[in-house]
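Undergrad: Mind folding the following:
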Amino acid sequence: QVQLVESGGGLVQAGGSLRLDCAASGRPFSSYAVGWFRQAPGKEREFVAAISWSGGTAYADSVRGRFTASRDNAKNTVYLQMVSLKPEDTAVYYCAARLGVLKVRSQEYSAWGQGTQVTVSS
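TA: Here you go, the predicted structure:
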């Protein structure tokens, strides 16, 4: 099983940018699809973005055009670049991995990181 650790969260003003990193260890990472999910207080966990082993991507409508997922398999790391951040982007962000094709449902992912807090002030 692959182990995941997120980093890069923090406090930013509306309109600002952050980059989240998801570092993997334990298994070769290049065969894994990776999803990004977020959970705000009192809300259910929701899909944000995902990237396939080959670099194909999918995005939630709420973040398309503002967030970009990318990966560097040589570094066993997946990134989520977030620009034009809004207060409604405030949440704990999680990366998750699965062998096989990209999925958007959290139930399809077997390995999860611990999460990193992103707070966007207005």
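
Undergrad: What is the burial count for the closest residue to Tyr109 other than its chain neighbours?
TA: Spatially, and ignoring its direct neighbours in sequence, Tyr109 is nearest to Ala96 (3.6 Å; C-beta to C-beta, 6 or more residues apart in numbering). C-betas here are computed from N, CA, C, even on glycine. Other residues near Ala96 come to 23 when the count uses other C-beta atoms under 10 Å.

Undergrad: OK, contacts around Ala96?
TA: By C-beta atoms under 8 Å, 6 or more residues apart in numbering, the contact list for Ala96 reads 4, 34-37, 106, 109-113.

Undergrad: Secondary structure element holding the closest residue to Val63 other than its chain neighbours?
TA: In this structure, Val63 finds its nearest non-sequential neighbour in Val48, 5.7 Å apart by C-beta to C-beta, 6+ apart. Taking DSSP states H and E as the criterion, Val48 maps to strand 46-51.

Undergrad: List the buried residues for that strand?
TA: 47-51 (16 or more other C-beta atoms under 10 Å).

Undergrad: got the CA coordinates for it in PDB?
TA: Output of strand 46-51 as PDB, limited to C-alpha atoms (Å, rounded to 0.1, in the frame of the first residue of the first chain):
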ATOM      1  CA  GLU A  46     -16.100  16.500  -2.100                       C
ATOM      2  CA  PHE A  47     -14.100  15.900  -5.200                       C
ATOM      3  CA  VAL A  48     -11.800  18.600  -6.300                       C
ATOM      4  CA  ALA A  49      -9.400  17.200  -9.000                       C
ATOM      5  CA  ALA A  50      -7.800  14.000 -10.100                       C
ATOM      6  CA  ILE A  51      -4.900  13.000 -12.300                       C
END
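
Undergrad: how far does it sit from the chain's center?
TA: Distance, stretch centre to chain centre, for strand 46-51: 6 Å (C-alpha atoms, centre = their mean, to the nearest Å).

Undergrad: What's the first helix or strand after it?
TA: From strand 46-51, the next helix or strand downstream (DSSP H and E) is strand 57-59.

Undergrad: ok, so what distance separates the closest residue to Ser70 other than its chain neighbours from Asp21?
TA: Residue nearest to Ser70 in three dimensions, not counting chain neighbours: Tyr79, with 4.9 Å by C-beta to C-beta, 6+ apart. Using C-beta to C-beta, to the nearest Å, Tyr79 is found at 6 Å from Asp21.
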